[in-house]
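# show me the folded form of this:
(one chain, ligands or ions: 1)
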Amino acid sequence: MSRLIIVSNRVASPSQQGVRAGGLAVAMHEALDRYGGVWFGWSGETKDDATWNPRVVEAGNVTYVTVDLKTEDYQDYYINYANGTLWPLFHNQLGLIKFSRAGFDGYLRVNAKMAEALAPMIRPDDVIWVHDYHLIPFGDELRKHGINNQIGFFLHTPFPPRQLFEALPRHTVLLHSFAAYDLIGFQTDESLHAFQESVIELAHGRCYGDGAFILGDRHGHAAVFPIGIDTERFAKYARRTARSRHTTRLKESLSGRALIIGVDRLDYSKGIPNRFDAIHALLTDHPEHRNQVSFLQIAPHSRSDVTEYKVLRKELEAAVGAINGKFAEYDWTPLRYVNRAFSRLVLAGFYRAARIGLVTPLRDGMNLVAKEYVAAQDPDDPGVLVLSRFAGAANELKAALLVNPYDADDIANAIHRGLRMSLDERQMRWKHMMDVVSANTVTTWREAFLASLYETQFEKVAAVG
Ligand code: ADQ
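The predicted model follows:
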């Protein structure tokens, strides 16, 4: 049977699997766990004397293969280009983009070196699945080593509108490297269409109704595969943990107040400052909620070496101080701000204890937290999801209270509405969303993507035959 090789920027070591903050890590582990295979990528270690020799660790049915990065490569590839250029671009944050030639060269160099490290381990019938914006040129680099296997690519972030993508210096180099993949997956129709428009307008390629595209002398397929979660497992966690020590402590600390929860990596795309503004607006415009609600924002630090993330940290710390300073009572703090990761079990219990799940990214490929919040609810007394209309998840979770994340008043009004919502309406909305997250799970996502990838293989064989 052919092996699945998953390639992603970071590979969490088996010992780090308990606590994971990051949608890709969560999804990849859940996908590999079930069927086994190889997970290849960066170890997360940077060393001045790093070599490209891969380290191999077997754990259960998964083989983890990792390489370390030299400090300079980490800086150019990861900090400067992937997270300093592509991440803000793909989240429509044009003002935050920094482009440097050294960053771009480093990005191409690391992709080439990583492909060189993996290529000798690939068997002829392996299927390779590359993930996310860090590794767009990876497939192209593998092809240079004569790898003719099926290679798929999934973009976890949005793909930006053509007018923004055009602002990226040397964008055609990236666009052409997409064409090395047999199949490219996007989270939403919007991203797929933006990619197709870029192919046509910026690289003079051709796109067809069935998702096929031609770019230069290569052709591939592009389609939409919205990512899901392991819904059943998450719901089970939530039931199991409803009376756990952590959940009990949290509930006791609320003294009967309603809990509003936000859980995100600390990232400017997640709209956390706007969310804090919304809490301010809620307590100002709806004073009846003072001393009646507590907002818990869990936001573990991420990408702390990138300047914009340091700036955001400072901004949030100041905002928390200002809101608590203004509204807190001697026996009540409106905003609890916690910068650490929790196990999935603990998170599930916290989501279930929350009357409102507040998920308001400015832009997000999908947003798994929204789906986890739904999966964790008690069917007899479910909470209300307040969701940004600019998260990919909004395409599926239409029964959430959809808001404009830039509009603090809109968010505040949705929270107010959620806090007053009848049990009947909460149950009706929750059931609608739960049906969706139960039907489209991380397993159906993975199976749909791989089935399409295999299909392109048959088409290739048929074309050659
Ligand atoms: P992320 O931007 O990381 O993912 P998201 O989809 O919300 O965003 O996933 C975050 C994951 O990390 C969730 O599973 C969440 O439970 C977990 N997490 C967050 N904070 C945590 C904490 N304090 N402790 C433990 N776990 C925590 C990227 C894209 C998204 C896309 C995913 C998957 O940006 O748009 O949905 O990949 O494709």
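# CA atoms for contacts and neighbours, from now on please.
Fine.
# any idea how far the lengthiest strand in the chain is from the middle of the chain?
Taking DSSP state E as the criterion, the chain has its longest strand at strand 37-46. Chain-centre distance of strand 37-46: 18 Å, with Cα atoms, centre = their mean, to the nearest Å.
# which positions in it come out as buried?
G37, V38, W39, F40, G41, W42, S43, T46 (16 or more other Cα atoms under 10 Å).
# for stretch 198-205, same thing?
S198, V199, I200, L202, A203, G205.
# surely the third one touches C207?
By that I understand I200. Yes - counting by Cα atoms under 8 Å, I200 does reach C207; the two are 7.1 Å apart.
# quick one: residues in contact with the following helix or strand past the longest strand of the chain.
The helix or strand immediately downstream of strand 37-46 is strand 55-59, counting by DSSP states H and E. Outside strand 55-59, the residues that touch it by Cα atoms under 8 Å, 6 or more residues apart in numbering are P14, T63, Y64, V65, T66, V67.
# just stretch 231-244 next, same as before
Contacts for stretch 231-244 (Cα under 8 Å, 6+ apart): 247-248, 344-346, 348-349, 351-353, 372, 375-378, 437-438, 441.
# need the buried ones from the residues you listed selected in ChimeraX.
In ChimeraX syntax, the buried subset of the contacts of stretch 231-244 is picked out as below (16+ other Cα under 10 Å):
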select :247,248,344,345,346,348,349,351,352,353,372,375,376,377,378,437,438,441
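# same for whatever helix or strand R417 lives in, what does it pack against?
Assigned by DSSP H and E, R417 belongs to helix 408-420. Applying 3 or more Cα pairs under 8 Å, 6 or more residues apart in numbering; DSSP states H and E, one finds that helix 408-420 contacts helix 272-285, strand 356-359, strand 384-388, strand 401-403.
# any residue of the first one up close to the ligand?
Pointing back at helix 272-285 there. No - applying Cα under 6 Å from any ligand atom, one finds helix 272-285 separated from the ligand by no less than 12.6 Å.
# could you list the buried residues of that helix?
Quick answer for helix 272-285 (16+ other Cα under 10 Å): I272, P273, N274, R275, F276, D277, A278, I279, H280, A281, L282, L283.
# between that helix and helix 408-420, how big is the angle?
70 degrees (axes from the mean of the first three to the mean of the last three Cα atoms, to 10 degrees).
# now do helix 272-285: which elements does it pack against?
By 3+ Cα pairs under 8 Å, 6+ apart, helix 272-285 packs against helix 307-327, helix 408-420.
# tilt between the longest one and helix 272-285?
Spelled out, it's helix 307-327. Using the same axes, to 10 degrees: helix 307-327 against helix 272-285 is 10 degrees.
# give me the contact list for helix 307-327.
In contact with helix 307-327 (Cα under 8 Å, 6+ apart) are residues 96, 266-268, 272-273, 276, 280, 283, 290, 302-304, 333-335, 337.
# try stretch 213-226
176, 179-189, 192, 199, 203-207, 211-212, 366, 392, 445, 448-449, 456.
# just the buried residues of those.
Neighbour-count burial (16+ other Cα under 10 Å) applied to the contacts of stretch 213-226 gives 176, 179-189, 192, 199, 203, 205-207, 211-212, 366, 392, 445, 449, 456.
# about what we covered before: the longest strand of the chain vs strand 55-59, what angle?
130 degrees.
# leaving out the residues flanking it, which one is nearest to I200?
R206 (5.7 Å; Cα to Cα, 6 or more residues apart in numbering).
# mind checking pLDDT for that neighbour?
If you check R206, the pLDDT there is 97.
# wait, it touches F195, no?
No - using Cα under 8 Å as the test, R206 is too far from F195 to be in contact (11.5 Å).
# need the three-state assignment for the residue of the stretch 201-350 of the chain at minimum distance from the ligand.
With Cα to the nearest ligand atom, the shortest gap between the stretch 201-350 of the chain and the ligand falls at A341, namely 3.2 Å. Under the three-state scheme (DSSP: H, G, I helix; E, B strand; the rest coil), A341 adopts coil.
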